[in-house]
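Student: pasted the sequence and its predicted model underneath.
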Amino acid sequence: MRKIRIGRYLKLNTIRLLRLRKGAHQVAVGFAVGLVPSWYPLLGVGPLLSLGLNRLFKGALPAAIFAASLDSFIWPLTFFMNYHTGHFLVTLWKSASLPSHMPNVRIPDWPEDYMQPIHHAHRWRDAGIDFGVGAAVNSLIFGIIIYVVIKWVMLRYREHLLQMLRGKK
């Protein structure tokens, strides 16, 4: 079996996407729903979920496969963005809804041996909440942005990109 370079692989699949007979809407839907599972830590189930979502939303299958294959390259960025977006939104929500101090609450005098694990569990729980909120918000926002951008590119620049990628004849 021949090895194929990454640049050549990307060029080949980009040409395949641009040559699809399906409309710009279906290609954009396929690409957008193909990238949605990359925002969640699904540990190998993401590409299968991408295919299922693609079938549900009736997008272009090659676009969903190509987008799902990009997941292995962008997952560190998506994890970083999920946590920081979620942390920003959760702290914004907490600061708007809770008072800064509660004067009539008495904190029990527990020994330090009990308090340290409680503080660590609280931090892990908050990190999970931050990550989950960030993943939900990022997948929704970036799914819409990717859909709009891919549809616009397919409608406006499809022929020009095909000529540029194939080379002048």
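Tutor: Received it, and whenever you're ready, just let me know what you need.

Student: C-alpha from now on. contacts and neighbour counts both.
Tutor: OK.

Student: for the residue most central in space within the chain, give me its contacts.
Tutor: With distances taken as C-alpha atoms, centre = their mean, Trp39 lies nearest the centre of the chain, 3.3 Å away. The neighbours of Trp39, taking C-alpha atoms under 8 Å, 6 or more residues apart in numbering as the test, are 75, 78-79, 82, 135-136, 138-139.

Student: please redo it, this time with the cut-off set to 6 Å
Tutor: Contacts were defined as C-alpha atoms under 6 Å, 6 or more residues apart in numbering; by that measure Trp39 touches 78, 135, 139.

Student: for those residues, give me JSON lines that also has secondary structure, distance to Val148 and neighbour count.
Tutor: As requested, the contacts of Trp39 are arranged in JSON lines below (DSSP: H, G, I helix; E, B strand; the rest coil; distance: C-alpha to C-alpha, whole Å; neighbours: other C-alpha atoms under 10 Å):
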{"residue": "Thr78", "secondary structure": "helix", "distance to Val148": "19", "neighbour count": "20"}
{"residue": "Ala135", "secondary structure": "helix", "distance to Val148": "20", "neighbour count": "26"}
{"residue": "Ser139", "secondary structure": "helix", "distance to Val148": "14", "neighbour count": "21"}
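
Student: any chance of those residues in JSON lines, with distance to Phe88 too?
Tutor: JSON lines is the format used below for the contacts of Trp39 (distance: C-alpha to C-alpha, whole Å):
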{"residue": "Thr78", "distance to Phe88": "15"}
{"residue": "Ala135", "distance to Phe88": "12"}
{"residue": "Ser139", "distance to Phe88": "16"}
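
Student: show me where the chain has helices.
Tutor: 6-18, 24-35, 46-57, 61-97, 112-166 (DSSP state H).

Student: winner for burial among those?
Tutor: Each of these was given a mean neighbour count from mean count of other C-alpha atoms under 10 Å, and the largest, a mean of 27, is that of helix 24-35.

Student: what's the angle between it and helix 6-18?
Tutor: Taking axes from the mean of the first three to the mean of the last three C-alpha atoms, to 10 degrees, one finds that helix 24-35 is oriented at 140 degrees with respect to helix 6-18.

Student: show me what helix 24-35 is packed up against.
Tutor: Here helix 24-35 is seen to pack against helix 61-97, helix 112-166 when contacts are counted using 3 or more C-alpha pairs under 6 Å, 6 or more residues apart in numbering; DSSP states H and E.
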